[in-house]
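Asks: pasting the structure only:
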């Protein structure tokens, strides 16, 4: 019986966990991606001294599909470079959405044109999948689409509320006609898919609320392998060190990080890692309370996690943020929100605070700062919880969810 699967994926999402999962079980028919450092000319980057390379090149060099046989990989480096350049010049949500539509459709057409290598099924990702799913269905393959984040309609509604609350963070707003187009693309993918894979109950519930078929939605939490492993029973002297990883902006709840830092009045050190499109004025205001580290290559995230005592991600809307899994695996107590779609349990591995509540964040930080035993207990609990959500266990859950297909 043919049980092999084609996986297509833009970018190095979760360090290529899905193709590695199918490959490790001998079930990968083929893997399509835009560009990586283990196929084609980008391979030369891995032989160069990494510290001497610009950050953008180091990030490309870090895209390694280790464990996936090279002969099972097709890349589109010309498209990948063009897409990266277009994304770099995107300066607002309108241009970002326009780019996402172009890149998703172009990539999907490229995959469909190359074919499915005799596979029984196709596993693709929302927004990048429609044309290849249509082609796969015509050829009799089953299809699964991963809804990586809450549906676009939900994202727009939640972010609109934040724009009203923090207009300076949003900057000049233009009507985003592309958002509804993207939302309709997602719904078209749901209509075709035999399975809609959701990383959290938060995502699943919103897919159903937006008209998705409940009977075809499956919840499969992610899993990561520890970037650093350390039980944080003791910490460095001085203020508590609080780390946030992710794009600095409204969706990640960044204004509430800044306000919590202000409320903490120097009793904790706050650091943000991630790109930002914010104005220089806003960045200067943030820098009064929070250190902005900018984009850090994947290979260097471990050093950031080692610096921290606590991980903070008060997102307004996510799928299931992999940075939270990595923080747990690094033994960090986590302060987060329900909308982050995490596997953190309130009072066990950290605290679940209401969305949009900087005071609750500051109180949680203060509690962890003032109670070393609580922080040490949550650190141990974080490591224990992370052990339930490794890549291997993620693979087992994912294949079990797809077994019906």
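Replies: Alright, I've got the coordinates. Given the structure is predicted, the values throughout are model-derived calculations rather than measurements.

Asks: Which elements pack onto the helix ranked longest in the chain?
Replies: Taking DSSP state H as the criterion, the chain has its longest helix at helix 93-114. Judged by 3 or more CB pairs under 8 Å, 6 or more residues apart in numbering; DSSP states H and E, the packing partners of helix 93-114 are strand 5-9, strand 28-33, helix 77-88, helix 130-138, helix 177-192. Quick note: C-beta positions are derived from backbone N, CA and C, even for glycine.

Asks: Test my guess that residue 296 contacts residue 304.
Replies: Yes. If you go by CB atoms under 8 Å, residue 296 and residue 304 touch, sitting 6.2 Å apart.

Asks: Identify the contacts common to these two.
Replies: residue 273 (CB atoms under 8 Å, 6 or more residues apart in numbering).

Asks: In the helix or strand of the chain with the lowest mean pLDDT, which residues are buried?
Replies: Lowest by mean pLDDT, DSSP states H and E among the helices and strands of the chain is helix 55-61, with a mean of 71. By 16 or more other CB atoms under 10 Å, the buried positions in helix 55-61 come out as 57-61.

Asks: out of the residues you listed, who's nearest residue 250?
Replies: Checking the buried residues of helix 55-61 against residue 250 by CB to CB gives residue 59 as the nearest, at 23.7 Å.

Asks: can I assume that closest one is in contact with residue 297?
Replies: Yes. Contact criterion CB under 8 Å: residue 59 and residue 297 qualify, at 5.0 Å.

Asks: got any residues that touch both of these two?
Replies: Joint contacts of residue 59 and residue 297 (CB under 8 Å, 6+ apart) do not exist.

Asks: My guess is residue 368 contacts residue 347. True?
Replies: No. With contact defined as CB under 8 Å, residue 368 does not count as touching residue 347 (11.9 Å).

Asks: Which of those two has more residues huddled nearby?
Replies: Taking neighbours as other CB atoms under 10 Å, residue 368 and residue 347 compare with residue 368 leading, 23 against 11.

Asks: where along the stretch 151-300 of the chain do the helices fall?
Replies: 152-165, 167-170, 177-192, 201-209, 254-264, 280-287 (DSSP state H, counting those that start in this stretch).

Asks: mean confidence score for stretch 155-169?
Replies: Mean pLDDT, computed over stretch 155-169, is 94.

Asks: Equivalent analysis for stretch 135-152, please.
Replies: 97.

Asks: Pull out the buried residues from that stretch.
Replies: Across stretch 135-152, burial judged by 16+ other CB under 10 Å covers 135-136, 141-152.

Asks: Let me know the closest of those residues to residue 252.
Replies: Among the buried residues of stretch 135-152, and counting by CB to CB, the member closest to residue 252 is residue 149, at 11.9 Å.

Asks: And that closest one, how far from residue 100?
Replies: Going from residue 149 to residue 100 by CB to CB, to the nearest Å gives 12 Å.
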